[in-house]
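**Student:** What shape does this take:
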Amino acid sequence: MRALLVAVFALAGCSAPAHDARFPSPPRDAPYLVVLGVAQDAGAPQAGTPEHPGFHDPSARRLAACLGLVDPRDGRRWLFEATPDLPVQLHRLDHLAAPRGAPDLAGVFLTHAHIGHYTGLMHFGHEVMGARDVPVFVMPRFAAFLRANGPWDQLVRYGNIALRELAANVPVELAADLRVTPLRVPHREEYSEVVAFRIDGPSRSALFLPDIDKWARLDAQGARIEDWIAAVDVAFLDATFFSPDERPGRDLSAIPHPFIVESLERFAALPASERAKIRFVHLNWSNPALDATSSARATIERAGMRVAEELELVRL
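**Tutor:** Residues are numbered from 1 along each chain as shown. Okay, here's the model as predicted:
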């Protein structure tokens, strides 16, 4: 298989990536997810945060929340979100699953039209990759936004991306045993609907829910996050802020997300096996849980949950 991948790279005019010890060994016989970023839209550090250690310490930097999906049985690859960090995230995906060209994506699934979740589409455009017909899966209002507003409409007109409209609760069949289902969630909808994605593979499944308002708003919508967690093997959940006093002088109630402390309290009644499924993701630069040595991280782990780690794999 390795010889075949090297040959494919040669035919495509690419170079196979050198071994990098940071990268785990992915499964070769089943689809898998890889975490390509865990931070809020602007990553960490972000503009205007000169105090962040990531400006001086590369190990403290984190990319915007994103998953990759790979089916090694036929070599196809997908992204969940097109973040501002797409160049680095696509490069990481290439290390795990050798591409047959650029960008070699069978599709990009977008949750909503906030900057950290779709503006990476620009890298497929005329000024950068000049990609051809990359399938971009979005809800109908989101599709209309991309068609009608520049610079995104140029991606459509030039054929850099090909929009594929989703319907809530209707699975997209990627293979006979691999599918993605959009689930509507309550969150700011200035330009588009907001969805989470359930990803089902041959033997395991995952939930990707990087942005949502308070859990009570999902309850009011007729769904319970506990039921969604119970139905999957791994749940990547919005953890933008740790607590309401995280940003002194700023009212975080105007930026509604479930605080991690609220999630820990709500999920405390779950069985340990359910809590172990939870991977917190989409952490703001100010969230102390980004630091693996913090008391915030220790609090999460004592509660039987954890923070998602970049480059961790989830076999499906």
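**Student:** Pretty sure residue 123 sits against residue 129.
**Tutor:** Yes: using Cβ atoms under 8 Å, residue 123 makes contact with residue 129 at a distance of 5.9 Å. Every residue, glycine included, has its C-beta placed from N, CA and C.
**Student:** Not counting its neighbours along the chain, what's nearest residue 223?
**Tutor:** residue 183 (7.6 Å; Cβ to Cβ, 6 or more residues apart in numbering).
**Student:** Quick check: buried residues in the host helix or strand of that neighbour?
**Tutor:** Here residue 183 sits within strand 178-184, counting by DSSP states H and E. Neighbour counts over strand 178-184 (16 or more other Cβ atoms under 10 Å) mark 178, 180, 181, 182, 183, 184 as buried.
**Student:** cool, and stretch 143-163?
**Tutor:** By neighbour count on 16+ other Cβ under 10 Å, the buried set for stretch 143-163 is 143, 145, 146, 152, 155, 156, 160, 161, 163.
**Student:** among those, which two are most distant?
**Tutor:** Within the buried residues of stretch 143-163, 145 and 160 form the most distant pair, 16.3 Å apart (Cβ to Cβ).
**Student:** Give the helix, strand or coil label for residue 237.
**Tutor:** The three-state label given to residue 237 by DSSP: H, G, I helix; E, B strand; the rest coil is strand.
**Student:** if we look at the sheet, which residues does it bridge to?
**Tutor:** Legend: beta-bridge partners of residue 237 under DSSP bridges are residue 209, residue 280.
**Student:** What's the separation between it and residue 132?
**Tutor:** According to Cβ to Cβ, to the nearest Å, residue 237 stands 35 Å off from residue 132.
**Student:** Please say which of those two ends up with more neighbours.
**Tutor:** For residue 237 versus residue 132, neighbours defined as other Cβ atoms under 10 Å are more numerous around residue 237 (26 against 13).
**Student:** Brilliant, that's me finished.
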